[in-house]
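J.: From the sequence below, what's the structure:
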Amino acid sequence: MSNATDPPDVPDSLIPYDEIVQNSLRAVVRHVLRDVQLAGGLPGAHHFFIAFRTRHPGVDMPRHLLERYPEEMTVVLQHRFWDLKVEESYFEVGLTFNQVPAKLRIPFAAISGFVDPAVNFALQFTVSDAPPAPDAPQPSDEAPAGEAGSNVISLDFRRKK
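T.: Numbering: from 1, shown residues only. All right, here's what the predicted structure looks like:
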């Protein structure tokens with residue numbers, strides 16, 4: 001017996017809205033990085049923190065970094081980066097880690113977060129293609145929420161099965 005205040009049953013969507021939205025927001029990151037590439041550097045005080053899953057298919061990074069960051073890593077594009085190359089499905093960039101240069105290749109699908117602290121802008125993504133590490137904690141059913149007025153867009157789509 002259903003109560004008048006119970007929400008109606010929502011059927012499963014045959015349209016993958018969650019994937020469409022995630023891909024559209026990743027296109028924002030691609031667009032911004034491409035603009036930085038074409039301009040030859042960052043404008044003004046802009047700088048980026050980019051978090052990504054290190055074991056996601058297509059990620060290419062030095063072994064010593066993968067050993068240090070076996071699940072997720074955040075890189076900063078600010079003062080010292082070079083050879084930024086933006087393609088349709090990934091970007092490449094040269095960075096220095098403890099004064100050792102390294103080249104990274106990061107698929108946009110591996111990105112779990114993008115922040116530009118200069119303007120208080122952030123995007124968070126669900127990365128579903130990467131298999132979880134054997135002893136990684138299971139994700140909670142709650143999506144992380146941004147602070148009010150922080151320009152954080154947090155998306156966590158789950159289909160009812």
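J.: and R34, that one's in a helix?
T.: Yes - assessed with DSSP: H, G, I helix; E, B strand; the rest coil, R34 lies in a helix.
J.: Please report the distance of it from V86.
T.: Taking CB to CB, to the nearest Å as the measure, R34 falls 4 Å from V86. In this view, the C-beta of every residue, glycine as well, is placed from N, C-alpha and C.
J.: between these two, who's got more neighbours?
T.: V86 (19 against 16; other CB atoms under 10 Å).
J.: and R53, what pLDDT?
T.: Here, the pLDDT recorded for R53 equals 96.
J.: so it touches V59, yeah?
T.: Yes - at 7.1 Å, R53 and V59 qualify as touching, with contact defined as CB atoms under 8 Å.
J.: anything in contact with each of those two?
T.: Here R53 and V59 have A110 as joint contacts, going by CB atoms under 8 Å, 6 or more residues apart in numbering.
J.: ok, I111 - how many residues close by?
T.: That count, for I111 with other CB under 10 Å as the rule, works out to 24.
J.: distance of the closest residue to F48 other than its chain neighbours from L123?
T.: On the basis of CB to CB, 6 or more residues apart in numbering, the spatially nearest residue to F48 that is not a chain neighbour turns out to be L77, at 4.5 Å. Distance of L77 to L123, given as CB to CB: 15 Å.
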